[in-house]
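Asks: pasting a predicted model and its sequence here:
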Amino acid sequence: QNVRLASKLTGWHLDVKSETRYNESLQSGFDSLMQLPDMDEPLANRLFEKGYFSIEDLSKVRADDLVSDLDLPKEEARKLIRAAGKALEAETAGNEKKDQASGVSPEAAADTAEETTDHDEGEADEPDDATSR
């Protein structure tokens with residue numbers, strides 16, 4: 001109820017996740033970064049520290065932002081952004097094929113992905129301190 005009220009007051013979409021699900025999503029994002037060509041753990045850690053938590057985040061950034069945030073050469077920043085965009089496109093295409101094979105329409109898959117509140121069994125009484133906007 002508090003989440004719904006906060007959402008109405010702020011006009012933001014609030015996605016409440018248990019701490020476990022939040023940590024799993026962070027790990028998944030980190031793993032996606034590690035799959036990029038020429039990515040190493042120190043660079044992935046630096047990206048994470050600056051708020052780039054996945055290939056999706058990295059694909060949306062401007063090269064100048066990466067240059068200033070990470071002190072990278074501009075061409076290396078562009079290369080990372082391009083690689084993230086290609087990886088995201090491949091991931092999206094793979095998910096669409098998987099949904100088609102299982103008989104799930106793209107609309108139904110999108111609706112399922114946009115669930116607003118998730119609570120794991122047994123964790124409903126624990127406070128969720130991980131909230132994303």
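Replies: That came through, no problem. Residues are numbered from 1 along each chain as shown.
Asks: what residue is smack in the middle of this protein?
Replies: Residue closest to the average C-alpha location in the chain (CA atoms, centre = their mean): S54, at 5.0 Å.
Asks: can you tell me, leaving aside adjacent residues, what's nearest to that one?
Replies: Using CB to CB, 6 or more residues apart in numbering and skipping residues adjacent in sequence, the residue nearest S54 is G29, 3.3 Å away. Every residue, glycine included, has its C-beta placed from N, CA and C.
Asks: what pLDDT does that neighbour get?
Replies: Per-residue confidence (pLDDT) for G29: 90.
Asks: now do the buried residues in the host helix or strand of it.
Replies: Assessed by DSSP states H and E, G29 sits inside helix 19-34. Going by neighbour count (16 or more other CB atoms under 10 Å), the buried part of helix 19-34 is 21-22, 25, 29-30, 32-33.
Asks: if we can go back for a sec, how close does the residue nearest to S54 sit to A6?
Replies: Applying CB to CB, to the nearest Å, the value for G29 to A6 is 24 Å.
Asks: tell me how far the helix or strand hosting P42 lies from the chain's centre.
Replies: Here P42, judged by DSSP H and E, is contained in helix 41-49. Chain-centre distance of helix 41-49: 15 Å, with CA atoms, centre = their mean, to the nearest Å.
Asks: please work out the angle formed by the directions of it and helix 19-34.
Replies: 130 degrees (axes from the mean of the first three to the mean of the last three CA atoms, to 10 degrees).
Asks: need the buried residues of helix 19-34 in TSV with distance to E89, can you?
Replies: Output for the buried residues of helix 19-34, formatted as TSV (distance: CB to CB, whole Å):
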residue	distance to E89
R21	26
Y22	26
S25	20
G29	17
F30	20
S32	13
L33	16
